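In: Sharing a model prediction with you, sequence too.
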Amino acid sequence: MKFTDLNLSQDVLQAISAMGFEEPSPIQAKAIPIAMEHKDMIGQAQTGTGKTTAFGVPLIEQIDENREGIQGLVLAPTRELAIQVAEELNRIGQVKGVRTLPIYGGQDITRQIKALKKRPQIIAATPGRLMDHMKRKTIRLNQIQMVVLDEADEMLNMGFIDDIETILAGITSSYQMMLFSATMPTRIQSLAEKYMNDPEIVKVKAKTMTVKNIEQHYIEIQEKRKFEILCNLLDIHSPERAIVFGRTKKRVDELVGALMKRGYSAEGIHGDISQAKRNQVIRRFKDQTIEIMVATDVAARGLDIKGVSHIYNFDIPQDPESYVHRIGRTGRAGEKGQAITFVTPREISQLKTIEQVTKTKIARQPVPTVSDVIEENKQAAIEDIKKAAEKGDHYEYKQIAENLLEDMDSVTALAAALKLLTKKPDATPVTLSEVPPIRVKKDKGGKKQKRRGSGGHNRRSKGRSRRKYG
Ligand SMILES: Nc1ncnc2c1ncn2[C@@H]1O[C@H](COP(=O)(O)OP(=O)(O)OP(=O)(O)O)[C@@H](O)[C@H]1O
Ligand SMILES: [Mg+2]
């Protein structure tokens, strides 16, 4: 199957080819023709398999670029995702001249109002900020023809459902609705169908919910040993880019501090960090100024960052869906990735639930020791020497080396040099607060505790909080 088989306009084909996509991914091949027939649909495919373009192409195709008014609306659960989706839609719409504006909390609203005057045809928004604009009448939803809920199961979860209903009720035109996610629990799917008109379910079937090119392991470990072991793993793996997921905002802050103390380049993202700072962290993570991003679940969904080679679940995720999305930040678009989850002895049943629901076997891995780290560092020192020897710019050391070898044999000299070159694990003392264990109790109706809030930030739960989001 080729993109040219999908009945697309020259403008969109040209944009897709400029994006470097050679052929449609399975979800794109399945979903695009159905969406182009103006049908409501629920699209489900694994993480990192191109769902954004699967809804982006039909969205752009159906926009009349010469008409005023917002015709397309994409809702996303976090600000970073709204920004990212807008970027991708702008790429797809580039040749056709379709403009998408991200609308999200934490950014100066007058700046957004100014940008809205340039008449984007699509907005990619977080619900909270969109509702602000609806109240101020700076965004009108009387021309909407297409609504997409990206991360639909999350958007229809307890924390967002009222906002979604308010937004949908504010749309006065008739529209096509598309829902996308890598996960779609049955409960949410039946709820979703209430908002849609006889939707087509478009699923890319796979044996497991998680992507097969992600190697998955867990390490059973006591709470207080987690940090040492994380450092050992980071030293052994030397990840290109890694995301470390922690359970709470405080946890994330403490982990960033502790990692920095040990000399790692890490920064954090969660809901209490200013949006400007959050955007900066993502930027610095993308350009590799920092190698480690520590995050709450605010970064679990949808984010597409090239070169994320490792995911560390410092704290086990609250539910199987969260696990799928967190580890799905690696192994995207056919790349390989590794995911490691720390499990305390009392959390083993939690791990079993994740394995059952995701139909995945997560292999147990022994706890890496300091001698594993030293072994790895020795190898690294040898590699460094080999590289330096190949480079050949050590002329001025040759005479000293020869002098040295008059006093001792070459093996002794080299062994001593290797010992000096081998990095010692950093043992700078750090302390982390204990986190309370997760509770997976359900309330009487079997529903999740209600989460409230907007734009993926400051989402406070009423009463007992069950799930802490950034
Ligand atoms: N047809 C294609 N050919 C090659 N690469 C593609 C194609 N479509 C999308 N991609 C790339 O694949 C990556 C993942 O795409 P995308 O973010 O849309 O995945 P997703 O299915 O939405 O994942 P998630 O469930 O995590 O949100 C992106 O970097 C995107 O540029
Ligand atoms: Mg996505």
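Out: Yep, it's here. This is a predicted model, so every value here is computed, not measured. Ligands and ions are numbered 1, 2, ... in the order given.

In: Could you pull out the buried residues of stretch 403-420?
Out: Within stretch 403-420, no residue qualifies as buried by neighbour count (16 or more other Cβ atoms under 10 Å). All C-beta atoms are positioned from the backbone trio N, CA, C, and that covers glycine.

In: Alongside ligand 2, which residues does the chain contribute?
Out: 51, 302 (Cβ under 5 Å from the ion).

In: Which residues are in contact with the residue nearest the centre of the chain?
Out: Nearest to the geometric centre of the chain sits residue 303, at 3.4 Å (Cα atoms, centre = their mean). Contacts for residue 303 (Cβ atoms under 8 Å, 6 or more residues apart in numbering) come out as 80, 81, 84, 282, 329.

In: swap the cut-off to 7 Å and go again
Out: Neighbour list for residue 303: 80, 81, 84, 329 [criterion: Cβ atoms under 7 Å, 6 or more residues apart in numbering].

In: same question, residue 430
Out: Residue 430 touches 227, 258, 261, 262, counting by Cβ under 7 Å, 6+ apart.

In: try residue 118
Out: By Cβ under 7 Å, 6+ apart, residue 118 lies in contact with nothing.

In: what's the answer for residue 175, then?
Out: 144, 145, 146, 147.

In: Sort out which of those residues are buried, if you could.
Out: Buried subset of those (neighbour count, 16+ other Cβ under 10 Å): 144, 145, 146, 147.

In: Identify the farthest-apart pair in those.
Out: Across the buried ones among the contacts of residue 175, the longest distance by Cβ to Cβ is 8.6 Å; it joins 145 and 147.

In: Next, format the contacts of residue 175 as a markdown table and append secondary structure.
Out: A markdown table is the format used below for the contacts of residue 175 (DSSP: H, G, I helix; E, B strand; the rest coil):
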| residue | secondary structure |
| --- | --- |
| 144 | coil |
| 145 | coil |
| 146 | strand |
| 147 | strand |
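
In: And the residues you listed, which is closest to residue 252?
Out: residue 147 (32.5 Å).

In: Surely the closest one and residue 177 touch.
Out: Yes. Look at residue 147 against residue 177 with Cβ atoms under 7 Å: they come within range, at 4.9 Å.

In: quick revisit: write the ChimeraX selection for whichever of the contacts of residue 430 are buried.
Out: To isolate the buried ones among the contacts of residue 430 in ChimeraX, judged by 16+ other Cβ under 10 Å, type:
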select :227,258,262
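
In: between the contacts of residue 430, which is nearest residue 213?
Out: Of the contacts of residue 430, the one sitting nearest to residue 213 (Cβ to Cβ) turns out to be residue 227, at 28.6 Å.

In: Would you check that the closest one makes contact with residue 258?
Out: Yes. Between residue 227 and residue 258 a contact is recorded at 6.0 Å, counting by Cβ under 7 Å.

In: what's the longest helix in the protein?
Out: If you go by DSSP state H, the chain has its longest helix at helix 370-391.

In: any idea which element residue 206 lies in?
Out: Taking DSSP states H and E as the definition, residue 206 sits outside all helices and strands.

In: measure it to ligand 2 for me?
Out: 16 Å (Cβ to the ion, to the nearest Å).

In: With adjacent residues omitted, what lies nearest to that residue?
Out: Spatially, and ignoring its direct neighbours in sequence, residue 206 is nearest to residue 46 (5.7 Å; Cβ to Cβ, 6 or more residues apart in numbering).

In: before we move on, what SS does the closest residue to residue 156 other than its chain neighbours have?
Out: Nearest non-adjacent residue to residue 156, counting by Cβ to Cβ, 6+ apart: residue 188, 5.2 Å away. Under three-state DSSP, residue 188 falls in the helix class.

In: ok, how many other residues are close to residue 188?
Out: 21 (other Cβ atoms under 10 Å).

In: before we move on, what about residue 38?
Out: When neighbours are counted by other Cβ under 10 Å, residue 38 registers 12.

In: Now do the contacts for it.
Out: Taking Cβ under 7 Å, 6+ apart, one finds residue 176 in contact with residue 38.

In: Ok, residue 223 next?
Out: 344, 434.

In: Mind doing that once more with 10 Å?
Out: 315, 342, 344, 345, 346, 347, 432, 434, 435, 437 (Cβ atoms under 10 Å, 6 or more residues apart in numbering).

In: So residue 322 lies in a strand, does it not?
Out: No. Counting by three-state DSSP, residue 322 is not part of a strand but helix.

In: Surely it and residue 298 touch.
Out: No. Using Cβ atoms under 10 Å, residue 322 is not in contact with residue 298, being 11.4 Å away.

In: more neighbours, these two?
Out: Per other Cβ under 10 Å, whichever of residue 322 and residue 298 has more neighbours is residue 298, with 26 against 21.

In: Please determine how far that one is located from residue 350.
Out: As judged by Cβ to Cβ, to the nearest Å, residue 298 and residue 350 stand 21 Å apart.

In: Who does the closest residue to residue 89 other than its chain neighbours form a beta bridge with?
Out: Excluding its sequence neighbours, the residue lying closest to residue 89 (Cβ to Cβ, 6+ apart) is residue 100, at 4.0 Å. With DSSP bridges as the criterion, residue 100 is bridged to residue 122.

In: How many residues are close by residue 100?
Out: Neighbours of residue 100 under the rule other Cβ under 10 Å: 26.

In: Over to residue 18?
Out: For residue 18, the count of nearby residues is 12 (other Cβ under 10 Å).
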